[in-house]
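Novice: build the 3D model from these lines:
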Amino acid sequence: MAEAVQPGMCIALPVDYAGVSMAMTRPLIEHGADRLHLVCVPTGGLQVDMLIGAGLVARVETSAVSLGEAGGAPRFNDAVKSARIEICDATCPAIHAGLLASQKGVPFVPIRGLIGTDVLANRGDWRVIDNPFEAAGDPIVLVPAIHPDVAIFHAPMADRDGNVWIGRRRELAAMAYASRTTLVTVERIVERSLLADETTAAGTLPGIYVSDVAVAERGAWPYGLWGEYETDTAELKRYAAAARSAEGFADYMSGDLREAAR
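Specialist: Below is the predicted model of the structure:
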């Protein structure tokens with residue numbers, strides 16, 4: 001599936017608790033498509049840090065990048081300090097607003113919470129206008145639509161028709177609705193229709209929005225997956241310690257540390 005990602009594409013990736021397809025990270029790095037524009041929905045973590053460390057990322061649009069309890073994202077932090085990547089600061093509502101605009105087929109969505117912030121002051125692509133339905137003096141921010149080329153995430157299961165169960169993780173649906181292509185890894189394929197089953201239908205992303213599905217057991221590891229397994233915080237900390245230097249990152253990604261930790 002990594003072959004669907006081409007140089008210069010805009011890639012939507014989910015927040016760490018919503019089903020990160022870590023199983024896709026190494027194939028993406030081996031595939032080598034570079035100059036990527038990553039859109040974190042709405043924050044990024046280990047996968048984003050690894051793709052940056054591998055030299056594949058030109059731009060990151062996000063409201064934060066970190067490893068959570070394991071601390072800062074070392075390759076991201078180093079790339080920012082050395083100006084190797086462009087940062088498009090955003091907020092969680094702004095990221096979701098941009099995806100919503102894409103989903104609805106409109107050029108922008110108006111939101112209010114950015115007025116007076118430094119984030120707004122540093123985003124030349126956002127516009128402030130007077131609310132046309134009120135008297136002058138009621139400013140509102142227009143956030144342009146975000147159009148990812150590819151969305152990538154991991155979920156517990158899919159059925160034979162390509163319907164994917166995402167539960168309450170509606171940000172995954174927002175990513176799929178807004179993106180031209182959606183690539184999903186799952187723990188398993190089930191034989192029953194997830195849309196026909198009343199217990200799963202409401203939390204299922206219809207296959208019409210899914211381009212490809214592949215089975216990857218424990219495909220979110222070292223992140224956890226709701227209802228399946230917990231986050232391996234110790235492994236995240238091992239990565240954080242190793243990746244403080246480019247050499248340590250390379251050693252970690254060679255597989256030795258990862259396999260020893262399993």
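Novice: buried set for stretch 79-93?
Specialist: For stretch 79-93, a neighbour-count test (16 or more other C-beta atoms under 10 Å) marks 79-80, 85, 88-93 as buried. In this view, the C-beta of every residue, glycine as well, is placed from N, C-alpha and C.
Novice: check stretch 235-248 too.
Specialist: Across stretch 235-248, burial judged by 16+ other C-beta under 10 Å covers 235-236, 238-240, 242-244, 248.
Novice: just these: which are in helices?
Specialist: Counting by DSSP state H, the part of those found in helices is 235-236, 238-240, 242, 248.
Novice: export the buried residues of stretch 235-248 to CSV and tack on distance to V184 and pLDDT?
Specialist: Output for these, formatted as CSV (distance: C-beta to C-beta, whole Å; pLDDT from 0 to 100):
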residue, distance to V184, pLDDT
E235, 23, 97
L236, 23, 97
R238, 27, 97
Y239, 24, 97
A240, 27, 98
A242, 29, 97
A243, 27, 98
R244, 32, 97
G248, 31, 97
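Novice: pretty sure E30 sits against V5.
Specialist: No. If you go by C-beta atoms under 8 Å, E30 and V5 don't touch, sitting 11.4 Å apart.
Novice: ok, the two, which is more surrounded?
Specialist: Neighbours were counted for E30 and for V5 using other C-beta atoms under 10 Å; V5 has more, 22 against 9.
Novice: before we move on, the earlier item: just the ones of the buried residues of stretch 79-93 in helices?
Specialist: With helices taken from DSSP H, the overlap with the buried residues of stretch 79-93 comprises 79-80, 92-93.
Novice: closest one of the residues you listed to P148?
Specialist: Within these, the smallest distance to P148 is 16.5 Å, found for C92 (C-beta to C-beta).
Novice: that closest one is in contact with C40, isn't it?
Specialist: No. Applying C-beta under 8 Å, one finds C92 not in contact with C40, separated by 9.7 Å.
Novice: tell me, what's touching these two both at once?
Specialist: The contact sets of C92 and C40 overlap at S63 (C-beta atoms under 8 Å, 6 or more residues apart in numbering).
Novice: near G116, how many other residues are there?
Specialist: Counted with other C-beta under 10 Å, residues neighbouring G116 total 9.
Novice: helix, strand or coil for it?
Specialist: Here G116 is recorded as coil under DSSP: H, G, I helix; E, B strand; the rest coil.
Novice: from V141, how far off is it?
Specialist: Counting by C-beta to C-beta, to the nearest Å, the separation of G116 from V141 is 10 Å.
Novice: about what we covered before: what's the farthest-apart pair in the buried residues of stretch 235-248?
Specialist: The distance between the two most remote of those (C-beta to C-beta) is 15.7 Å, for E235 and R244.
Novice: and G255, what pLDDT?
Specialist: Residue-level confidence at G255 comes out at 78, pLDDT.
Novice: what is the burial count for it?
Specialist: Residues near G255, counting by other C-beta under 10 Å, number 10.
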